[in-house]
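Novice: Below are the sequence and a predicted model; questions follow.
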Amino acid sequence: MVTPSDAAERLISFLERHNSKHHWLSQWSADDIRQQAAAATERYAAGNSLSVFDGVPFCVKDMLDALPYETSYGTKYMGQLRPCSRDAPAVETLKGLGAILIGKSAMNEFGVLPHGFNAQRGSTKNPHDPSRMTGGSSAGSATAVAVGLCPVAIGTDGGGSIRIPSAYCGVAGLKPTQGRLASDHRGNGGYSTVIVSGPIANSISDLTLMYAVMANRDYPKPSANGVNHSSSDMLPGVATAAKESEPLGLKPLGLPKTLLPLRDPDGDGYTFVIDGLQPLKGLRVGVYREWNAACAPAVADVVKETLSRLEALGATIVDIVLPEMELTQTGHLVAIAKEMAADAEHQGWLHDWKLRGQLNLDTRMFFANAVNFTDDDYTQAQRMRTRALSHFEGAWKKCDVILTPATPTPAPKFPQGANTTGVYDLAATLKIIQYMQPANLLGYPALVMPGGRQMGIGLPIGVQFIGKPFAESVLLRTAAALEQYMSEHGMPRPIPVVNINPIQCEKGAHPKAAELTKKLWAKRYAKSAQ
């Protein structure tokens, strides 16, 4: 039997060989991973596991507090300027359930742009093609899940920062309803009306479990996993605040109900079975065809195939219209820029030219523009928000979820100079995030999952479901049915060339696994062409 300590050693070996090149984690400690894994191994040996998450590795975007690491926001100075005193609520919960924190995941500075570049601290590579973008800003979280470092991770999303890298890297990501989670607002954009934290996972079932944990407001005490991190346990050179964590009561994890119908044909245990069933019967899927058409042909094909699969699962496709999408984009751009500038001013560095001079050029250009938005501009953005809400409320009378592409293209190539100066191209940025912005501006939940692959290249292509406020369960059920249908019809989750399975793998990298998924998808394409 593989123990948490066995898996931890394989992860550590894999990180030592590959992390410096691929930049999945910006901070990690082999000793800390071993200590947590040893505690989990002891609990399993004694028959006292804490939950389904006991011994399961996870990572946290470097925008949320997670001891014993600093929170740097992808910069060189924020870890010292804003010391940590305790874990963010979701991190505290996972630790209390026995999960193993393997480190802080990489991000571009302050999460201001959707490409995932960080010229000063290292840009994360797309695991399916290192010459292409990962997307951002939760780049490290999505790639860590994609390569198998951990089955689940925590990201944040203010303009697609969970969903874009999930789409580019072939994993699932959920942006919850604004205000649904008890996020650590001090470390997660305390002045923002658009930024939320949320889960990234390798499967919809794991995404659902992570959402259940993050939405649980009865947080366990952080010492439950046997490693009680306090400010005195921080790694060398990491600044901390004086306040210590106070223990909270440990409560059992409430697991979600079954997402799909089950049956046990062989008597060996329940499994999902889609064939012959229509688990989405009665679900109305809204499609704004004019908006969805603003994407590459390969993406449009995947959306079309997804609609056919949803109909096979019993859903009804409904045409909708969402006017003034350009105004919605503008309203989101002004809101997030103005709020991030206000947060930077509150943190004390916005007008400190010495600190701003340490940032990448693209980040400096973003904030140079953000400070020019006036209070009148922000007020006008709220009017745009109100108009957009009215348009979407009209659509919700006709449908339960809205289907869009996740991104207009698969992962683009790294632009020239991206690793030295960064990239600041407003037109390209707005193109990448065009399907992301409404959910952030209006606070709706949205879920991205793999929908297909680009023929010839094999890059993942994601689809997005947008839901009504607090209707995450509808999104998760829809995605679970679609994922299972694709699995049963020879369309498995994309596996990158660089990957690890810490439970089954002794050596780490498994190019054959990636080749297998490519062959299965090739057969699917050949069958579709007949």
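Specialist: Noted; the coordinates are in hand.

Novice: ok, which stretches of the stretch 301-450 of the chain are strands?
Specialist: Counting by DSSP state E, counting those that start in this stretch, the stretch 301-450 of the chain has strands at residues 316-319, 401-405, 446-453.

Novice: Below-threshold pLDDT in the stretch 201-350 of the chain: ranges please.
Specialist: Scanning the stretch 201-350 of the chain for pLDDT under 70 picks out 217-276.

Novice: hmm, back to that, can you put the strands of the stretch 301-450 of the chain in a markdown table and add mean neighbour count and distance to residue 150?
Specialist: For the C-beta atoms, the positions are set from N, CA and C on the backbone; glycine is no exception. Shown next, in a markdown table, are the strands of the stretch 301-450 of the chain (neighbours: other CB atoms under 10 Å; distance: least, CB to CB, whole Å):
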| stretch | mean neighbour count | distance to residue 150 |
| --- | --- | --- |
| strand 316-319 | 14 | 36 |
| strand 401-405 | 26 | 27 |
| strand 446-453 | 28 | 18 |
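
Novice: can you list these in CSV and add distance to residue 331?
Specialist: Output for these, formatted as CSV (distance: least, CB to CB, whole Å):
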stretch, distance to residue 331
strand 316-319, 25
strand 401-405, 18
strand 446-453, 17
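
Novice: Would it be right to say that residue 60 lies in a strand?
Specialist: Yes - counting by DSSP: H, G, I helix; E, B strand; the rest coil, residue 60 is part of a strand.

Novice: Quick one: residues contacting the closest residue to it other than its chain neighbours.
Specialist: Excluding the flanking residues, the one nearest residue 60 by CB to CB, 6 or more residues apart in numbering is residue 66, at 4.3 Å. Residue 66 makes contact with 60, 84, 87-88, 91, 101, 104, according to CB atoms under 8 Å, 6 or more residues apart in numbering.

Novice: cool, and residue 360?
Specialist: Residue 360 neighbours (CB under 8 Å, 6+ apart): 108-109, 117-120, 421-422.

Novice: need the contact list for the nearest residue to it once chain neighbours are set aside.
Specialist: Excluding the flanking residues, the one nearest residue 360 by CB to CB, 6+ apart is residue 422, at 4.3 Å. By CB under 8 Å, 6+ apart, the residues touching residue 422 are 108, 113, 117-119, 360-363.

Novice: burial count for residue 413?
Specialist: Residue 413 has 11 neighbours, counted by other CB atoms under 10 Å.

Novice: so what's it scoring on pLDDT?
Specialist: On pLDDT, residue 413 comes in at 93.

Novice: Could I get the full set of helices for the stretch 201-350 of the chain?
Specialist: Along the stretch 201-350 of the chain, the stretches classed as helices by DSSP state H, counting those that start in this stretch are 204-214, 289-292, 297-312, 325-347.

Novice: which one of those helices is the most hemmed in?
Specialist: Mean neighbours per residue, mean count of other CB atoms under 10 Å, is largest over those for helix 204-214, with a mean of 24.

Novice: just checking, what packs against that helix?
Specialist: helix 89-96, strand 152-157, strand 172-175, strand 196-201, helix 472-488 (3 or more CB pairs under 8 Å, 6 or more residues apart in numbering; DSSP states H and E).
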